[in-house]
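Trainee: Generate a structure from the sequence data that follows.
(2 chains)
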Protein chains: 2
Amino acid sequence: MSSLRVVALLFPGVTQLDLTGPLQVLAVSGQLELHLAWRTLDPVPTDAGFSIVPTVTLADAPPADILFIPGGQGTFALLDDDEVLQFVRRQAEGARWVTSVCTGSFLLGAAGLLQGLRATTHWASLPLLASLGAIPTSERVVREGRVITGAGVSSGIDFALTLLAELFGEQEAKRVQLQIEYDPQPPFDAGSPRRRDADPQLVEMMTALMHERRAGVVERAAARLS
Amino acid sequence: MSSLRVVALLFPGVTQLDLTGPLQVLAVSGQLELHLAWRTLDPVPTDAGFSIVPTVTLADAPPADILFIPGGQGTFALLDDDEVLQFVRRQAEGARWVTSVCTGSFLLGAAGLLQGLRATTHWASLPLLASLGAIPTSERVVREGRVITGAGVSSGIDFALTLLAELFGEQEAKRVQLQIEYDPQPPFDAGSPRRRDADPQLVEMMTALMHERRAGVVERAAARLS
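Mentor: Coordinates of the predicted model:
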């Protein structure tokens, strides 16, 4: 049996942990073929001051069993990008699983793949996701049939373990969790707007800022969908 | 005031999340200058099937305020590498903080930087750390003066938030934790040998395997220290 194929989108301004968290989980399983696709094979600058090298171009990427779209500020430059949207739609068509982390769900939405589905994204952009036909859902990992979306950035690890359990069973997911010593002990209780040490003013300010920055481009993507 | 400088070691066979988890936390703070150093500027293959591009060579790396060594199988090929050991010692000399995640602590140990100090590493290799003069300590993040070591792979996120709180205060660390939505909800309780769903046979097997693979090279590094 040939291994299942993961095709992840890599793009300038990706929030690198959206991508690298899940890739670590998936790589440790050793049962998946991983591809990172972008327009060319030149190194792609992430949001964290370093570049990651694609392994395949959008045009040459093999058909995905699992399509995975990470997020980041760079996502919003792609919502009207025909080459990327066509890539996402074409790959999604044959995929067993269509997945995203963080604002990657906006790209799934702009490709018309979230219509009527519960989906999630980074907390600060969650209200905006409704414009693309999704039902914004404030959960860490949201599964709707073959579509799995993860919340902001670090949720990708929880997302990928959830996916592994679906693909290969719980025992394999537990093995990988032990191997990457994923026994989180956050030093503060501040990881989501619901948490005690999260600053409500910061939550309000960030949500307003994301609305200001992103609502226009999301509205335009929604207009093209209908 | 110029920003504090983080110099991270990048090397072939790095466990990429050891590096990319902390780098995401540190990058989001926006108050740090990040460098990824290796022998040349060619892309460096990680353990997860893709490559990361160094930003500076070992020779040209500026003096670190924070020296950071990630781990991975590749670490053990460096324990007798004079160029790398000299880089680690030179950088550590002037650094305010000397840090590692996962088996990165073996490189700190081989450079003579853990003598008599409590330190940690990936659970499966923890007993081996004693050979290099450290006091193996089974905690997620261990701080001994200016030396901070993190446990396996995903502990790097907890490590980096702890470091941020030291550098810029708890409020900044909480801000970054919220921004990366680090509100972990592991789908299983299997992330460390102590956890309910961790398979004891797997723990024993992995610890024995790591001993078999790594004890020799660690012993030779220890012999060069004395």
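Trainee: Every contact and neighbour count from this point should use C-alpha atoms.
Mentor: Noted.
Trainee: What's the end-to-end length of stretch A:47-57?
Mentor: Length of stretch A:47-57, first residue to last, C-alpha to C-alpha, to the nearest Å: 21 Å.
Trainee: Near the residue lying closest to A:Gln31 once chain neighbours are set aside, how many residues? Count them for me, please.
Mentor: Excluding the flanking residues, the one nearest A:Gln31 by C-alpha to C-alpha, 6 or more residues apart in numbering or on different chains is A:Ser3, at 5.9 Å. Neighbour count of A:Ser3, defined by other C-alpha atoms under 10 Å in any protein chain shown: 11.
Trainee: For A:Gly104, give its distance to B:Val6.
Mentor: 29 Å.
Trainee: Comparing those two, which residue is more hemmed in?
Mentor: For A:Gly104 and B:Val6, the more surrounded residue by other C-alpha under 10 Å is A:Gly104, and the numbers stand at 31 against 22.
Trainee: three-state assignment of the residue nearest to that one when sequence neighbours are not counted?
Mentor: Spatial nearest neighbour of A:Gly104, excluding adjacent residues (C-alpha to C-alpha, 6+ apart): A:Gly71 at 3.9 Å. The three-state label given to A:Gly71 by DSSP: H, G, I helix; E, B strand; the rest coil is coil.
Trainee: show me the contacts for A:Gly71.
Mentor: By C-alpha atoms under 8 Å, 6 or more residues apart in numbering or on different chains, the contact set of A:Gly71 is A:14-15, A:18-19, A:100-105, A:153.
Trainee: And A:Thr162, by the same measure?
Mentor: By C-alpha under 8 Å, 6+ apart, the contact set of A:Thr162 is A:173, B:187.
Trainee: so it sits in a strand?
Mentor: No. A:Thr162: not assigned to a strand; according to three-state DSSP it is helix.
Trainee: Most neighbours out of the contacts of A:Gly71, which is it?
Mentor: Highest neighbour count within these: A:Val101, with 35 neighbours (other C-alpha under 10 Å).
Trainee: before we move on, which element is A:Val217 in?
Mentor: helix A:200-225 (DSSP states H and E).
Trainee: chain center to that helix, what's the gap?
Mentor: Helix A:200-225 sits 17 Å away from the centroid of its parent chain (C-alpha atoms, centre = their mean, to the nearest Å).
Trainee: again, but for stretch A:140-150
Mentor: Relative to the centre of its chain, stretch A:140-150 is centred 10 Å away, using C-alpha atoms, centre = their mean.
Trainee: Would you mind measuring the gap between the ends of that stretch?
Mentor: Criterion C-alpha to C-alpha; first-to-last residue distance in stretch A:140-150 is 6 Å.
Trainee: cool, stretch A:68-84 as well?
Mentor: 13 Å.
Trainee: All the strands of chain A, residue numbers only.
Mentor: With DSSP state E, the ranges of strands along chain A come out as A:4-9, A:32-38, A:44-45, A:51-53, A:56-57, A:66-69, A:97-101, A:118-119, A:135-136, A:141-144, A:147-150.
Trainee: closest to chain B out of the ones you listed?
Mentor: strand A:51-53 (4.6 Å; C-alpha to the nearest C-alpha).
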